[in-house]
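S.K.: for reference, the sequence and a predicted model appear below.
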Amino acid sequence: MKTNLAVIFGSRTCEHDVSIISGLQAAHAADTSRYQVTPVYIGRDGVWYTGQALMDIAFYTHFDASKVTRVRPEAEGNRLALYKADHQSLFRLGKAAPEALCDVVLPVMHGLNGEDGTLQGMLELWNIPYTSSGVLGSSVGMDKIAMKQLFRGCGFPVLPDTWADRADWERDRDAVIARVEAALPYPVYVKPSNLGSSIGISRANDRQGLIHAMDVACAYDRRILIEKGVTHISEVNCSVLGYAGEAQASVLEMPGRVEDADLLDFNKKYLSGGKGGKGAKGGMSSLARRIPAPISDDLTKKIQDMSLKVFRACDCKGVVRIDYILDTQSGEWFVGEINTIPGSLAFYLWEATGLRFSGLIDKMVEYALSAHREKNKSQYSFQSDILTRQVKGAKTR
């Protein structure tokens with residue numbers, strides 16, 4: 001019997017379009033002999049849809065709601081039920097059958113309202129198995145400020161930084177500028193704390209650049225991370241797959257050019273060559289990269305070991321990607337960030353190890369079900385007489 005796998009993507013986020021590409025890549029890669037794939041698209045307005053038309057990436061360029069079914073999610077036992085949103089039963093005792101009843105959810109969300117623990121919290125409340133990291137890992141992995149505080153507390157190597165709130169910037173720009181300049185030398189990178197895909201990130205080489213970068217970042221988020229810049233920079237990424245004590249690190253990749261002081265921005269990541277089609281072959285998988293990364297075996301091993309530590313510290317599950325910054329002049333390296341639902345699910349890193357995309361999805365589903373079983377081992381009720389005592393106390397007053 002096939003497992004009904006709900007692949008959820010889209011949502012109210014600046015990374016909406018990237019999520020569509022990653023979601024369709026996963027939906028088309030799933031082994032149809034093992035899964036009945038149900039595409040679930042959340043529009044920019046938060047409305048949920050399902051239907052086979054969603055499997056074609058061209059459909060999103062001229063989205064037609066009449067060709068898909070608007071649905072509302074509900075919990076049916078430990079499964080996700082999708083009911084027609086406009087259904088009105090003729091009989092109060094009757095209930096229409098759901099459009100889909102899904103055993104496991106595969107969230108392929110990037111950014112807020114999906115990757116940040118919000119969707120995961122709903123699924124936890126409903127006790128439905130899902131493939132991504134849980135609420136803790138998802139929320140910490142989304143907020144760069146909190147993430148770096150956790151990494152620093154664990155003793156992981158991170159770049160010096162400071163942060164500001166949008167309200168601080170709007171109230172007293174001079175005070176924020178003074179704080180940044182006291183903490184960090186130029187150049188600095190200014191980043192919206194809760195955003196990915198390099199959206200809203202700017203490099204500031206001087207005070208005027210900092211003002212512009214802060215204005216840009218504040219348009220996307222209320223929490224802003226300001227991080228020391230590295231002039232001679234290279235990036236290396238490593239994926240980790242697993243759950244709890246079982247985890248493995250992938251080969252490493254080096255995206256873009258080896259020596260590139262420019263920011264690897266949204267256009268370079270997603271618009272540098274890959275084409276779509278029904279299976280959406282672009283996304284992060286189309287980025288020019290070197291696999292394996294052209295670094296020493298010793299550094300490769302150190303980064304893989306660190307990636308496993310980061311995975312465990314954030315209590316992650318499924319597949320993640322951890323990004324590293326290398327200073328090619330000093331030889332120093334730093335943990336940049338963790339992506340708990342990486343672009344294209346980082347399948348290209350696992351294919352380089354011999355694990356096909358379909359096999360990657362199999363492992364993610366396996367870990368989702370393992371985590372679900374583990375969760376249900378815990379006791380969620382506690383018998384006490386506190387309510388009885390309260391009632392008796394009220395009667396004696």
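M.R.: The structure has been received and is ready for your questions. On a predicted model such as this, the values are computed, not experimentally measured, just so you know.
S.K.: quick check: which ranges of the protein have low pLDDT?
M.R.: Applying pLDDT under 70 to the chain flags the ranges 87-95, 196-197, 257-287, 396-397.
S.K.: can you pull out the helices in it?
M.R.: 16-29, 118-126, 135-142, 144-153, 166-171, 173-183, 207-218, 266-270, 297-313, 347-351, 357-375, 386-396 (DSSP state H).
S.K.: can you give me the offset of the third one from its chain's centre?
M.R.: When you say that, I think you mean helix 135-142. In terms of CA atoms, centre = their mean, to the nearest Å, the centre of helix 135-142 is found 8 Å from the chain centre.
S.K.: what packs against it?
M.R.: Packing partners of helix 135-142 (3 or more CB pairs under 8 Å, 6 or more residues apart in numbering; DSSP states H and E): helix 118-126, helix 144-153, strand 317-327, strand 333-339. C-beta coordinates here come from the backbone N, C-alpha and C atoms, glycine included.
S.K.: same question, the second one
M.R.: Here helix 118-126 touches strand 104-107, helix 135-142, going by 3+ CB pairs under 8 Å, 6+ apart.
S.K.: any chance of these in CSV, with distance to residue 373 too?
M.R.: Shown next, in CSV, are these (distance: least, CB to CB, whole Å):
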stretch, distance to residue 373
strand 104-107, 12
helix 135-142, 18
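S.K.: the ones you listed: which one's closest to residue 46?
M.R.: Comparison of those against residue 46 by CB to CB identifies strand 104-107 as nearest, at 15.2 Å.
S.K.: for that closest one, packing partners?
M.R.: Using 3+ CB pairs under 8 Å, 6+ apart as the contact criterion, the elements in contact with strand 104-107 are strand 3-10, helix 118-126, helix 357-375.
S.K.: at 7 Å instead, please
M.R.: Here strand 104-107 touches strand 3-10, helix 357-375, going by 3 or more CB pairs under 7 Å, 6 or more residues apart in numbering; DSSP states H and E.
S.K.: you'd agree residue 34 is up against residue 5?
M.R.: No - in terms of CB atoms under 7 Å, residue 34 does not count as a neighbour of residue 5; the distance is 8.6 Å.
S.K.: higher neighbour count, these two?
M.R.: Between residue 34 and residue 5, counted using other CB atoms under 10 Å, residue 5 has the larger neighbour count: 25 against 15.
S.K.: what's across from the closest residue to that one other than its chain neighbours in the sheet?
M.R.: Leaving aside its sequence neighbours, residue 5 sits nearest to residue 35 (CB to CB, 6 or more residues apart in numbering; 4.3 Å). Beta-bridge pairing for residue 35 (DSSP bridges): residue 3.
S.K.: mind checking how far residue 35 is from residue 200?
M.R.: According to CB to CB, to the nearest Å, residue 35 and residue 200 sit 36 Å apart.
S.K.: what do you get for residue 163?
M.R.: 14 Å.
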